[in-house]
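Undergrad: Here's a sequence, model it:
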Amino acid sequence: MEDRVWTVCLLVILTLGWTEAQGQTNFTRPIFHCGGHLVTDSGIVASEGFPSHYKPNSKCTWYITVPEGHVVMLSFRLFDMEADPTCRYDYLDVYNGHSRLVQKLGRFCGTFRPGALISTSNTMMLEMMSDDATGGRGFLAYFSAGKPHVEENQFCGGRLTKPQGSVKTPNWPNSNYPAGISCSWHISVEPSNVIEVKFVKLDLEPDTYCRYDYVALFNGGEKDNSRRIGRFCGDRSPGTVVTNGNELLVQFVSDLSVTSDGFMAHYNSIPRGSRTPTAGGDFIYGPQTTSAPQRTAMKPIKPTKPTPKLRPVKPTPKPKPAKPISKPPVKKPTPKPRAKPTPKPKPLCTQACKRTGTLQSSFCPHDFVITGKITSLTTGQRGSATVEVSLIKAYKTGSLNITKSGPIMWVTLTSTCKRCPGLIKGRNYVLMGKVDAQGNGLLSPSSFTLLYKPIHSKALANLARKPC
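TA: Take a look at the predicted model:
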């Protein structure tokens, strides 16, 4: 059995390529060590002694570093560790950097192969722990240097065990999902319940057979042969999906070409038997499908479409020309408030909040550039907000008013729209904005903001030294 597993592993290694960063090779079987520093463009990382069983009572830490300006893309090929619903015994933790203080991208165990994981910088840390009891063969993963899609929220997938929650594509809702990514969510609820899924929005690359970008739902989760409920793409959200058990596997895949908005779906744990489970099968719910038999479940939607034939009855709108006479007086009072400067922030708040530019391109156009922690966020009139920031460092201030209290420095900013940029109290940010004649800092929906991470300090310091 071990030779069979090793044959598979060897094929994987030969396919992906081998780097000496992980260990030594003897042309037949690489030696995988307990931890190490992997500094290379790409390579293989695996548990100690893989594909043999990993050692009990061990702790191994791997530090991955790819070239600057790239992110670490980690893809698991084989995974076999002691299973436990909360991964209490044997597990693998993956961190978004070389420290346990940074964001944990996930904790994994069992035989459920995690989806692709992506860091937000050029470093990633893997830490594997095992107890003195049951073990497994461990894991084998391939890592490579990739170009960052955005500067935050790049990972996806994981285990969800709460009674309700949501799954969404990376970058949602600010920008399109990345190309060439895969995500797997394993949702599990109480054994006496089933899972109900409702899509708020679905907008994936359209294809009749959903061959390129798609989201697939499976009854069950731990097994690779879980029965597929359906595969979805295009821009029409499927109806409510109900599982036949207490586990659901959601897989999202995008190819290397066209991308789109993505999807957002909410799930709820409901009593078993309260809803009829969605018919399982391999039907594909894509746009402009010519094969009706595959989508019999969707036929109820189509009969509603012939109702447009009722539109000829809409000659009644013709007498509506008389109504415009009554409408103008209603519109007359509205222009008056629009003439005031204060209502202007309100329409901005109705727009989608989408960041443009980069750290580099936004530095010079703004009057101030600071890093700091949001200590207070107070809602003002017409959707505005007053933001108090405890400074970490000021890279560009102009005439910005800064308050000092001993060693602590504070800045009070006014945001014309609290929802955009959407700041969260207690978090650290890179903030860029304008300064008025009185030295007050102003944030607008077009201001550049970014969740601050230590890796940004070097880039900001370099930008501050260059003339704008």
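
Undergrad: For the nearest residue to residue 56 once chain neighbours are set aside, identify the helix or strand it belongs to.
TA: Leaving aside its chain neighbours, residue 56 sits nearest to residue 132 (4.8 Å; criterion: C-beta to C-beta, 6 or more residues apart in numbering). Placement of C-beta: from N, CA and C, glycine included. Following DSSP states H and E, one finds residue 132 outside all helices and strands.

Undergrad: I'd say residue 132 and residue 57 touch.
TA: Yes. Counting by C-beta atoms under 8 Å, residue 132 does reach residue 57; the two are 5.0 Å apart.

Undergrad: quick one: low-confidence parts of the stretch 351-468 of the chain?
TA: In the predicted model of the stretch 351-468 of the chain, residues 351-355, 405-407 satisfy pLDDT under 70.

Undergrad: And the helices in it?
TA: Here the stretch 351-468 of the chain has its helices, by DSSP state H, counting those that start in this stretch, at 359-363, 455-465.

Undergrad: do the chain as well
TA: All helices of the chain, identified by DSSP state H, fall at 2-16, 327-331, 335-339, 345-349, 359-363, 455-465.

Undergrad: hang on, the earlier thing: what's the most buried one of the helices of the stretch 351-468 of the chain?
TA: Looking across the helices of the stretch 351-468 of the chain with neighbours counted as mean count of other C-beta atoms under 10 Å, the highest average goes to helix 359-363: a mean of 16.

Undergrad: for that one, packing partners?
TA: Packing contacts for helix 359-363, counted by 3 or more C-beta pairs under 8 Å, 6 or more residues apart in numbering; DSSP states H and E, involve strand 428-435, helix 455-465.

Undergrad: of all the helices of the stretch 351-468 of the chain, which lies closest to residue 121?
TA: helix 455-465 (4.7 Å; C-beta to C-beta).

Undergrad: Just want the angle from that closest one to strand 428-435.
TA: Here the directions of helix 455-465 and strand 428-435 differ by 30 degrees (axes from the mean of the first three to the mean of the last three C-alpha atoms, to 10 degrees).

Undergrad: Count the residues that sit near residue 77.
TA: By other C-beta atoms under 10 Å, 17 other residues sit near residue 77.

Undergrad: least trustworthy helix or strand in this protein by mean pLDDT?
TA: Every helix and strand of the chain was ranked by mean pLDDT, DSSP states H and E. The lowest is helix 327-331, at a mean of 46.

Undergrad: Can you lay out the helices of the stretch 351-468 of the chain as CSV showing distance to residue 209?
TA: CSV is the format used below for the helices of the stretch 351-468 of the chain (distance: least, C-beta to C-beta, whole Å):
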stretch, distance to residue 209
helix 359-363, 40
helix 455-465, 41
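
Undergrad: Figure out which of those is closest to residue 36.
TA: Closest among the helices of the stretch 351-468 of the chain, using C-beta to C-beta: helix 455-465, at 22.2 Å.

Undergrad: Near the closest residue to residue 271 other than its chain neighbours, how many other residues are there?
TA: Nearest residue to residue 271 in three dimensions, chain neighbours excluded: residue 193, at 5.9 Å (C-beta to C-beta, 6+ apart). By other C-beta under 10 Å, the residues close to residue 193 number 19.
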